[in-house]
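Novice: sequence and predicted model, in that order:
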Amino acid sequence: MTDRLARIRRILSVMMPVEATPNIHGYLWLKQIYCVLLSAQAVTDETMADVYADPRRQALLVALVREGVRVAQAAGVRLEGFDRYDLKVLADGTDA
């Protein structure tokens, strides 16, 4: 981590929890893949919990995440998890 980034992290951490990563591209890619899930839910009239709990929709949601992860991997991006989300585990083809 650069001195500048450490300084920015220290300043921001006074106001909120701050994460710093040397892999910003992987971090941003995974956040964008997560946003696909939010977008998929947004086109319905149901809550996130209802959409994600519906077995009929789970296969589609998993397929959306897998596609994003595989595109990132094909582009040579090393995905970096954030918060408690580590969606890259879905890329291996196992059921969620």
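Specialist: Perfect, I can see it now.

Novice: what is the neighbour count of the closest residue to residue 30 other than its chain neighbours?
Specialist: In this structure, residue 30 finds its nearest non-sequential neighbour in residue 79, 4.8 Å apart by C-beta to C-beta, 6 or more residues apart in numbering. The C-beta positions use only the backbone N, C-alpha and C, and glycine is treated the same way. Look at residue 79: counted by other C-beta atoms under 10 Å, it has 23 neighbours.

Novice: which phi and psi values does residue 79 adopt?
Specialist: Residue 79 has phi and psi values of phi -70, psi 140 when expressed as degrees, to the nearest 10.

Novice: let me know the pLDDT of it.
Specialist: At residue 79, the model reports a pLDDT of 87.

Novice: surely it and residue 26 touch.
Specialist: Yes - using C-beta atoms under 8 Å, residue 79 is in contact with residue 26, at 4.8 Å.

Novice: what's the overlap in contacts for the two?
Specialist: Shared contacts of residue 79 and residue 26 (C-beta atoms under 8 Å, 6 or more residues apart in numbering): residue 72.

Novice: where in this protein is pLDDT low?
Specialist: Within the chain, the segments meeting pLDDT under 70 span 85-96.
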